[in-house]
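J.: Curious how this folds, go ahead:
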Amino acid sequence: MRANVHHLIEQRAQSDPTAPALTVKKQTVDYWQLWRRTHGAAAGLRRIGVTSGQRVAVYLDKRVETVAALFGASVAGGVFVPVNHVLRPAQVGHIVADCAATVLVTSAQRLALLGEQLANCLSLEHVIVVGAGAAQDDTPHHWVVHSWAELCAPEQAAVPVSGAIDHDIAAIFYTSGSTGQPKGVVLSHRNLIAGAESVAQYLQNSVDDVILAVLPLSFDAGFSQLTTAFSAGAHVVLMDYLLPADVPRLCAEHRVTGLTCVPPLWIQIVAQQWPPEATTSMRYFASTGGRMPKPTLDRLRALFPAASPYLMYGLTEAFRSTYLDPAEVDRRPDSIGKAIPNARIVVLRPDGSVCDPGEEGELVHRGALVALGYWNDPVRTAERFKPIADRGMNWRATELAVWSGDTVFADEDGYLYFVGRADEMIKTSGYRVSPAEIEDVVYATGRVRDTVAFGVADEDLGQRIHLVVTPAVPGRFDAPALIAELVKRVPRYMIPSSVSVCDDIPRSPNGKFDRARLREELGP
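T.: Residues are numbered from 1 along each chain as shown. Coordinates of the predicted model:
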């Protein structure tokens, strides 16, 4: 029985110990070696006093030690908090302080940059340094520094059973909102295991798969590359995304069979040179974290003609919600599909009643993947995690579902279509306009590589539409020609009133377009 998320590794170490589990650069460890290192990390954490429910923040690039620290915190009974390795010190300090972490696992180089920020993290008691030891620092601080190599050696003593059950807290994932500081989404062991098994089921993952983990492990879809693979006994190749050309190189080197990215990364990756040895082994490619532009999807299907395309929708508060069966991609390329296994998705009106086919409403997710709430934030938890009426089942206790904040509609066959986020919808000239709808048309002109649309306050219109683009051909862009094409394709109220050209549209740490930053920096 898989009651805790670390059981995904433990059970594979018992059933198939010599199968490759992780590869980082030139280093590969099998499932037995990974379990020994995970167990060693747990022993080290218990030795310095980590007990049930204490938070262990992990701020590292992708290494075997990173994975061992995350799952080792689970073995020790703690709660792991993955921190994106590209975050700045102030952001890291906020996360460590907000979740009241008692332990931070990081590198000497990163620790040197964090000193001032960590001074305000009064809960922090221990810092574990991976790699070369921390430089000598005579400045007094309230935490003790340990060496990973000495504290977390695989030969450490046995770890007492944590006693955690599947409903207990396993992890806190911090996700950025449109405003304010990142909020921590609290996930149970059940959430992580149910999500891994569900995704592995519809992706048909097996021991023969080699999965390239491009997305950050602090992103729920990135961490899913680990849990989904471990659930099926697959092999994960870890990659810190820097250059898009590295993706086809690693796919060729390791004969990758599965690759999941967010659309902005796919746009970059598909433009690279792909040798035949990088494409022939690909069994599936998947997209999550936003709508995939159809021109990009078409190029990917031409690049990987034998691979199955999976278009997915999810949110950190419920891991994954829907996927589109590859057999339906030609008939419904704009759909986000139907509920994943072991999830129930409904489209509701504000009063909680179910929308009719074709009627727009809010996507609401119920079932085993619904998170426990936001860390230490009962107000926002109550706004997003709310009861759902279960008609005909009045004897049941109240069930909380996650109300996504996303507007969708379902067709007559139950397939769902994304319209937009409630906080991103543009209200102009009395109309509600989805940024994605405008962006799809702009992509279809072939004049841009990237584009983002958003609303700007306007006294007469309510909001006017501003468009940010990266030209398809660097240095060559004709904004009037683009507008002229849009006039032929969409109603007048959907035409952008202004266009900004950006050589490289800023992205969030998870690889998505950073709309909030665009509004601040590029909005007129």
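
J.: Now do the helix or strand in which Thr381 is found: distance to the chain's middle.
T.: In the assignment (DSSP states H and E), Thr381 maps to helix 378-384. Centroid separation for helix 378-384 versus its chain: 21 Å, with Cα atoms, centre = their mean, to the nearest Å.

J.: Go through it and flag the buried ones.
T.: Buried residues in helix 378-384, counting neighbours by 16 or more other Cβ atoms under 10 Å, are found at Thr381, Arg384. C-beta coordinates here come from the backbone N, C-alpha and C atoms, glycine included.

J.: Please apply the same query to stretch 334-341.
T.: Residues Ser335, Ile336, Gly337, Lys338, Ala339, Ile340 are the ones in stretch 334-341 that count as buried (16+ other Cβ under 10 Å).

J.: Looking at the residues you listed, which are in strands?
T.: Among the buried residues of stretch 334-341, the members falling in strands (DSSP state E) are Ser335, Ile336, Gly337, Lys338, Ala339.

J.: give me every residue that touches the first one.
T.: Remark: with contacts taken as Cβ atoms under 8 Å, 6 or more residues apart in numbering, Ser335 is in contact with Leu311, Leu324, Glu328, Asp411, Tyr415, Leu416, Tyr417.

J.: In PyMOL, select just the buried ones from these.
T.: A single PyMOL command is used to select the members of those judged buried by 16+ other Cβ under 10 Å:
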select buried, resi 311+324+415+416+417
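
J.: quick one: which of the contacts of Ser335 is nearest to Arg110?
T.: Among the contacts of Ser335, Leu311 lies closest to Arg110 (Cβ to Cβ), at 35.6 Å.

J.: So that closest one is in contact with Val329, correct?
T.: Yes. Counting by Cβ atoms under 8 Å, Leu311 touches Val329, with 7.0 Å between them.

J.: Need the contacts of Ser335 in CSV (columns: secondary structure, pLDDT and distance to Glu197).
T.: Below are these laid out as CSV (DSSP: H, G, I helix; E, B strand; the rest coil; pLDDT from 0 to 100; distance: Cβ to Cβ, whole Å):
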residue, secondary structure, pLDDT, distance to Glu197
Leu311, strand, 95, 20
Leu324, strand, 97, 20
Glu328, helix, 96, 23
Asp411, coil, 96, 28
Tyr415, coil, 97, 24
Leu416, strand, 96, 22
Tyr417, strand, 93, 27
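
J.: buried sites along the helix or strand that the helix holding Thr381 is followed by?
T.: Where DSSP H and E defines the elements, the next helix or strand beyond helix 378-384 is strand 385-387. Using 16+ other Cβ under 10 Å as the test for burial, strand 385-387 gives Phe385.

J.: I'd like the average pLDDT over strand 385-387.
T.: Averaged over strand 385-387, pLDDT sits at 91.

J.: tell me the domain ranges of the chain?
T.: 7-12+31-189, 343-422, 424-521 (automatic domain parsing).

J.: Show the end-to-end separation of the last one, please.
T.: Across domain 424-521, the terminal residues are separated by 17 Å (Cα to Cα, to the nearest Å).

J.: and if you look at the second one?
T.: With Cα to Cα as the measure, the ends of domain 343-422 fall 22 Å from one another.

J.: how far out from the middle of the chain is that domain?
T.: Distance, centroid of domain 343-422 to centroid of chain: 20 Å (Cα atoms, centre = their mean).

J.: Then the longest one?
T.: Its chain's C-alpha centre lies 19 Å from the corresponding centre of domain 7-12+31-189 when counted by Cα atoms, centre = their mean.

J.: same thing with stretch 247-264?
T.: Using Cα atoms, centre = their mean, the distance from the centre of stretch 247-264 to the centre of the chain it belongs to is 17 Å.

J.: Could you do stretch 336-347 as well?
T.: Between the centre of stretch 336-347 and the centre of its host chain there is 18 Å, according to Cα atoms, centre = their mean.

J.: And stretch 292-306, by the same measure?
T.: Taking mean C-alpha positions (Cα atoms, centre = their mean), stretch 292-306 and its chain are 22 Å apart.

J.: remind me which residues of the stretch 1-150 of the chain are low pLDDT?
T.: For the stretch 1-150 of the chain, the stretches with pLDDT under 70 are 133-139.

J.: highest average neighbour count across the domains of the chain?
T.: domain 7-12+31-189 (a mean of 20; mean count of other Cβ atoms under 10 Å).

J.: before we move on, which element is Gly44 in?
T.: helix 31-47.

J.: packing partners for that helix?
T.: For helix 31-47, the packing partners by 3 or more Cβ pairs under 8 Å, 6 or more residues apart in numbering; DSSP states H and E come out as helix 7-15, strand 20-24, helix 64-75, helix 148-151.

J.: Report the angle between it and strand 20-24.
T.: Relative orientation of helix 31-47 versus strand 20-24 (axes from the mean of the first three to the mean of the last three Cα atoms, to 10 degrees): 70 degrees.

J.: quick one: low-confidence ranges for the stretch 301-450 of the chain?
T.: 389-397, 429-432.

J.: all helices of it, in order?
T.: Assigned by DSSP state H, counting those that start in this stretch, the helices in the stretch 301-450 of the chain fall at 378-384, 435-444.

J.: what does the shortest one rub up against?
T.: Spelled out, that is helix 378-384. Lys183, Glu317, Gly373, Tyr374, Val402, Trp403, Gly405.

J.: Kindly indicate which of the residues you listed lies nearest Pro350.
T.: Closest approach to Pro350 among these (Cβ to Cβ): Trp403, at 10.1 Å.

J.: how about that closest one, what does it touch?
T.: Leu348, Glu362, Val364, Arg384, Phe385, Lys386.

J.: and it, what are its bridge partners?
T.: Val364 (DSSP bridges).

J.: I'd like to know how far it sits from Gly77.
T.: Here Trp403 is placed at a distance of 32 Å from Gly77 (Cβ to Cβ, to the nearest Å).

J.: Not counting sequence-adjacent ones, nearest residue to Arg2?
T.: Ile193 (5.1 Å; Cβ to Cβ, 6 or more residues apart in numbering).

J.: All the strands of the stretch 351-500 of the chain, residue numbers only.
T.: Using DSSP state E, counting those that start in this stretch, the strands of the stretch 351-500 of the chain run over 361-367, 373-374, 385-387, 400-410, 416-421, 426-428, 431-433, 448-458, 462-471, 498-501.

J.: For Arg507, find the nearest of these.
T.: strand 448-458 (9.4 Å).

J.: export that closest one as PDB, just CAs?
T.: The C-alpha coordinates for strand 448-458 follow below in PDB (Å, rounded to 0.1, in the frame of the first residue of the first chain):
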ATOM      1  CA  VAL A 448       4.900  36.400 -34.100                       C
ATOM      2  CA  ARG A 449       6.800  33.800 -32.100                       C
ATOM      3  CA  ASP A 450       5.300  34.800 -28.700                       C
ATOM      4  CA  THR A 451       2.400  37.000 -27.700                       C
ATOM      5  CA  VAL A 452       0.400  38.100 -24.700                       C
ATOM      6  CA  ALA A 453      -2.700  40.200 -24.600                       C
ATOM      7  CA  PHE A 454      -4.000  42.000 -21.500                       C
ATOM      8  CA  GLY A 455      -6.400  44.800 -20.500                       C
ATOM      9  CA  VAL A 456      -5.400  48.400 -19.700                       C
ATOM     10  CA  ALA A 457      -7.700  50.700 -17.900                       C
ATOM     11  CA  ASP A 458      -9.600  53.100 -20.200                       C
END
